[in-house]
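**Q** next one to model:
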Amino acid sequence: MLEKDFQKELIQDLKERFPGALIYKNETKQGLPDLTILYQERWALLECKKSKNAAHQPNQDYYVELANNMSYASFVYPENKGDVLNALEQALRPHRKTRVPKSK
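**A** Next up is the predicted model:
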């Protein structure tokens with residue numbers, strides 16, 4: 001499968017899992033991950049690869065690590081897509097406020 005075909009399929013999966021999410025293709029700076037996902041008050045970046053063994057371009061590892069330390073970012077390819085989507089659901093899930101019982 002070509003990377004562009006995998007990316008197209010991944011975007012469809014993201015739209016189904018995260019209704020209303022804004023998904024942008026990034027093509028402006030070398031090494032910046034391919035996709036930005038904005039969902040509610042959270043965000044993530046994904047770098048698409050056609051396979052687990054596909055070469056990384058200069059700066060890709062740097063930007064994925066940097067963004068992952070801020071929010072969530074990952075390399076995603078057909079072999080790990082399910083795991084990445086599950087991790088992404090955890091990362092983008094809204095955090096609930098702590099419920100404090102009211103005193104009687």
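**Q** what ranges in the chain fall below the confidence cut-off?
**A** Applying pLDDT under 70 to the predicted model, the residue ranges of the chain that meet it are 95-104.
**Q** for it, which helix is longest?
**A** Determined from DSSP state H, the single longest helix within the chain is helix 3-17.
**Q** other SSEs contacting it?
**A** For helix 3-17, the packing partners by 3 or more Cβ pairs under 8 Å, 6 or more residues apart in numbering; DSSP states H and E come out as strand 22-25, strand 35-39, strand 42-48, helix 81-92. Heads up, the C-betas are built off the backbone N, CA and C, glycines and all.
**Q** highest mean neighbour count out of the ones you listed?
**A** strand 42-48 (a mean of 22; mean count of other Cβ atoms under 10 Å).
**Q** what distance separates the helix or strand following that strand from the centre of its chain?
**A** Counting by DSSP states H and E, the next helix or strand C-terminal to strand 42-48 is helix 60-70. Between the mean C-alpha point of helix 60-70 and the mean C-alpha point of its chain there is a distance of 11 Å (Cα atoms, centre = their mean, to the nearest Å).
**Q** how about stretch 35-45?
**A** The offset between the C-alpha centroid of stretch 35-45 and the centroid of the whole chain comes to 7 Å, using Cα atoms, centre = their mean.
**Q** C-alpha coordinates for that stretch, PDB please?
**A** What follows is stretch 35-45, C-alpha atoms only, in PDB (Å, rounded to 0.1, in the frame of the first residue of the first chain):
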ATOM      1  CA  LEU A  35      -1.600  15.200  10.200                       C
ATOM      2  CA  THR A  36      -2.800  17.500  12.800                       C
ATOM      3  CA  ILE A  37      -6.000  16.500  14.700                       C
ATOM      4  CA  LEU A  38      -7.900  19.000  16.700                       C
ATOM      5  CA  TYR A  39     -10.600  17.500  18.800                       C
ATOM      6  CA  GLN A  40     -12.500  19.500  21.400                       C
ATOM      7  CA  GLU A  41      -9.900  21.100  23.600                       C
ATOM      8  CA  ARG A  42      -7.100  18.600  22.600                       C
ATOM      9  CA  TRP A  43      -4.700  18.000  19.700                       C
ATOM     10  CA  ALA A  44      -2.400  15.400  18.300                       C
ATOM     11  CA  LEU A  45       0.000  14.900  15.400                       C
END
